[in-house]
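A.B. asks: Below are the sequence and a predicted model for it; my questions follow.
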Amino acid sequence: MMMSFPFDNSYVRLPERFFARRAPTPVAAPRLIQVNRTLAGELGLDPDWLAGPEGIAALAGNGIPPGADPVATAYAGHQFGQFVPQLGDGRAVLLGEVVGRDGRRRDIQLKGAGPTPFSRSGDGRAALGPVLREYLVSEAMAALGIPTTRALAAVATGEPVMRETPLPGAVLTRVAASHIRVGTFQFFAARGDVEALRALADHVVARHYPEAAQAQNPYRALLDGVIAAQAALVARWLLVGFVHGVMNTDNMSVAGETIDYGPCAFLDAYDPRTVYSSIDRAGRYAYGEQPRIALWNLTRLAETLLPLLADDETEAVAAAEAALAGYAPHFEAAYHGGLARKIGLGDLREGDAALAGDLLRRMAENQADFTRTFRALCEAAERPAGDGAVRDLFVDPTAYDDWAPRWRARLAEEARDPAETAAAMRAVNPAFIPRNHQVEAMIAAAVERADFAPFAALLAVLARPYADQPDQARFAEAPEGGGVGYRTFCGT
Ligand code: AMP
Ligand code: MG
C-alpha cells in the first residue's frame, strides 16, 4: 500500500501544446463524501490515507500530492454536430497517472477542480448533484461489466456553485484508462499539426493498442482497434438500456471506455426513441441513435488520421473507409450476440436476432420495462409459471403470449437444462440498474438535506447488479407510468 499516489506521468511528456499546466484551485472546507476503497486497493493506494486529512486535501485540490504534475488537457470536439476547435478541460485537472496492481496505467483526474485556461466563461466547478450522479452511474456501469471511467472519491467543497440557484459544490476524483478523446485528435487535425497527431497516435498505440505497433500500418490498426472497441461498447450500452445523452466527439474516449456522465440515464419502459437530455431537442442522442452516432464520431476520428494512414490521399481515404466498414459487423455481432444471450440462447443461430427483435418490438408497443422484462424472463426460462410476471409488464399481455411459444421452442433446441439457462440469463440481465427516480431521490436527499444515506444505499445495491437481493427489491421497481417525460440536465 502506498501513501499518496505512486505517480508515473506519461501524458505530460508529450509536447507542451497538448496541455496547460494548472494546479487545482483550493476549496474552503473539504469534506469527504465517499472513497472507493476497492478501487483504491486495485490502484495500490492506501484507502485509509485517502480518507485521512492528507488524502482529502489531495482529493479536494487543496494539496498537490508528491509526484503529481497537474495539467488541463487540450481538445476540440463536435458538439451536437457543430465543430468547436477549442474545448479542453475547463473544469478538470489531470493530477497524473498511476500503474495499478494489474499493471494497467490509469489517469487520476479531479473534476470540478477550478478554472483552467480552457474554462471559457465557466467557473471550473461541479455541483454536488452531477458529481454524485457520475459517481453512482459510473460505478454501476463498472459493476455491470461495461468499460467505463471509475469514481475514486467524491469530496464536498463547502463552497456554493452558482447555477440557476446556488448549489453545493463537489469534486469528483475520476480514474480512466486515459482521458484522450476523439476530440483530442480533432484539436490537432484542425490546426494542421501532423507532427502532434503522430505523437498523439503513437502515445495512444503504446498505451491502449500496443498490438497495433506490430501491424504493417500501425495507424490503420489503431483506427481498427478504436472502431472495434467503440462498436462493442455501444452494443453493451444498448443491452442494459443505457442512454449516454451527450455523445459529442469530445465525450468519446479512444480507449473505448464510457466517459463524461452528464445527462445520462437508463431506460425504464423500452422505447428506442427515448431521449432524456433537456438540451437534445432533436433527439440526436436518443437511445436507438447511439450506434449510428458512434459511427459518425468514428468517421470524424478517421478523418483526423488521414495524414498518417498513407502519403497518398486516395490511398488514405480508402484505408479509412475500409476501417469504418468494419464498424457495422463488429456492432452487429456484439449486439445480436448479446441480445440472444439475454433471451437464453448461447449460440447464435439463423432467426435468433429476429426472435429477439420481435420481443423488443412488442415491448416498445406495450411500454414494457426494459430491465424488469429481461430479468423476469430468466424465471420464465426456468419454469413456465414465470410467464405471469413477464406478461404483466406488457400493456397488452397477449403480446407476450404470442411470442413466448416460439421462444420456448427455440430454447428447447439449446443443449442446456432450464436451470443452467436461467443462471446464464441472470448473469447478463441485471436486476438492478440506476433507476432514474431513485437517482433523483438520492440527489435531492444529498443536496437539500446533506443526507448521504440514500447515496450509500444505492451504491451498495448497484455493486451487485446481477444478484437477487430480495431485501432490496424496492430498488428494482419501475417508476409510475414507465418514467415517460423524465428529463436530465447537463452536468454543468
Ligand atoms: P461537458 O458537457 O461536461 O462534456 O463539457 C463540455 C465542455 O465544457 C468541456 O470543455 C468542459 O470542460 C467545459 N465545461 C463544462 N462545465 C464547465 C464549467 N463549469 N466550467 C468550465 N468549463 C466547463
Ligand atoms: Mg465532456
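C.D. replies: Yep, that arrived. Computed from a prediction, not measured in an experiment: that's the story for all the values here. Ligands and ions are numbered 1, 2, ... in the order given.

A.B. asks: quick one, helices of the stretch 1-150 of the chain?
C.D. replies: 37-42, 47-50, 53-60, 128-144 (DSSP state H, counting those that start in this stretch).

A.B. asks: winner for burial among those?
C.D. replies: The highest average neighbour count among the helices of the stretch 1-150 of the chain, using mean count of other CB atoms under 10 Å, belongs to helix 128-144 at a mean of 24. Any C-beta I mention is one placed from the backbone N, CA and C, and that applies to glycine too.

A.B. asks: Pull out the buried residues from the following helix or strand past that one.
C.D. replies: Using DSSP states H and E, the helix or strand that directly follows helix 128-144 along the chain is strand 150-162. Buried residues in strand 150-162, counted by 16 or more other CB atoms under 10 Å: 150-157, 161.

A.B. asks: Reformat the helices of the stretch 1-150 of the chain as a markdown table; add distance to ligand 2.
C.D. replies: Formatted as a markdown table, the helices of the stretch 1-150 of the chain follow (distance: least, CB to the ion, whole Å):
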| stretch | distance to ligand 2 |
| --- | --- |
| helix 37-42 | 21 |
| helix 47-50 | 25 |
| helix 53-60 | 21 |
| helix 128-144 | 11 |
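
A.B. asks: ok now do Arg150, which residues does it touch?
C.D. replies: By CB atoms under 8 Å, 6 or more residues apart in numbering, the contact set of Arg150 is 36, 39, 138-139, 142, 174-176.

A.B. asks: Could you give the bridge partners of it?
C.D. replies: Beta-bridge partners for Arg150, by DSSP bridges, are Val175.

A.B. asks: Repeat that for the one 10 residues further on.
C.D. replies: Here Pro160 sits in beta bridges with Pro168, going by DSSP bridges.

A.B. asks: Which one, of the helices of the stretch 1-150 of the chain, ends up nearest to Gly351?
C.D. replies: Nearest to Gly351, of all the helices of the stretch 1-150 of the chain, is helix 128-144, at 27.9 Å by CB to CB.

A.B. asks: Up against ligand 2, what does the protein have?
C.D. replies: Residues of the chain found near ligand 2 (CB under 5 Å from the ion) are 251, 260.

A.B. asks: Tell me the buried residues in stretch 64-84?
C.D. replies: Buried positions in stretch 64-84, judged by neighbour count with 16+ other CB under 10 Å: 64-65, 68-78, 84.

A.B. asks: List the ones among those that fall in strands.
C.D. replies: Judged by DSSP state E, the subset of the buried residues of stretch 64-84 located in strands is 71-73, 77-78, 84.

A.B. asks: circling back: Ala376: which of the helices of the stretch 1-150 of the chain is closest?
C.D. replies: Taking CB to CB, helix 128-144 is the member of those nearest to Ala376, at 18.2 Å.

A.B. asks: so does the closest one get close to ligand 1?
C.D. replies: No: Helix 128-144 stays clear of ligand 1 (CB under 6 Å from any ligand atom), getting no nearer than 8.6 Å.

A.B. asks: now that helix and strand 150-162, what's the angle there?
C.D. replies: Orientation check (axes from the mean of the first three to the mean of the last three CA atoms, to 10 degrees): helix 128-144 against strand 150-162 gives 170 degrees.

A.B. asks: Return helix 128-144 as PDB; C-alpha atoms alone will do.
C.D. replies: Output of helix 128-144 as PDB, limited to C-alpha atoms (Å, rounded to 0.1, in the frame of the first residue of the first chain):
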ATOM      1  CA  LEU A 128     -22.800  18.100  -5.900                       C
ATOM      2  CA  GLY A 129     -25.800  16.500  -7.800                       C
ATOM      3  CA  PRO A 130     -23.900  15.800 -11.000                       C
ATOM      4  CA  VAL A 131     -20.900  14.600  -9.000                       C
ATOM      5  CA  LEU A 132     -23.000  12.000  -7.200                       C
ATOM      6  CA  ARG A 133     -24.700  11.000 -10.400                       C
ATOM      7  CA  GLU A 134     -21.400  10.400 -12.200                       C
ATOM      8  CA  TYR A 135     -20.000   8.500  -9.100                       C
ATOM      9  CA  LEU A 136     -23.000   6.300  -8.900                       C
ATOM     10  CA  VAL A 137     -23.700   5.600 -12.500                       C
ATOM     11  CA  SER A 138     -20.000   5.000 -13.500                       C
ATOM     12  CA  GLU A 139     -19.600   2.600 -10.600                       C
ATOM     13  CA  ALA A 140     -22.900   0.900 -11.600                       C
ATOM     14  CA  MET A 141     -21.600   0.500 -15.100                       C
ATOM     15  CA  ALA A 142     -18.400  -1.000 -13.900                       C
ATOM     16  CA  ALA A 143     -20.300  -3.500 -11.800                       C
ATOM     17  CA  LEU A 144     -22.400  -4.300 -14.800                       C
END
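
A.B. asks: Nice, that's everything, thank you.
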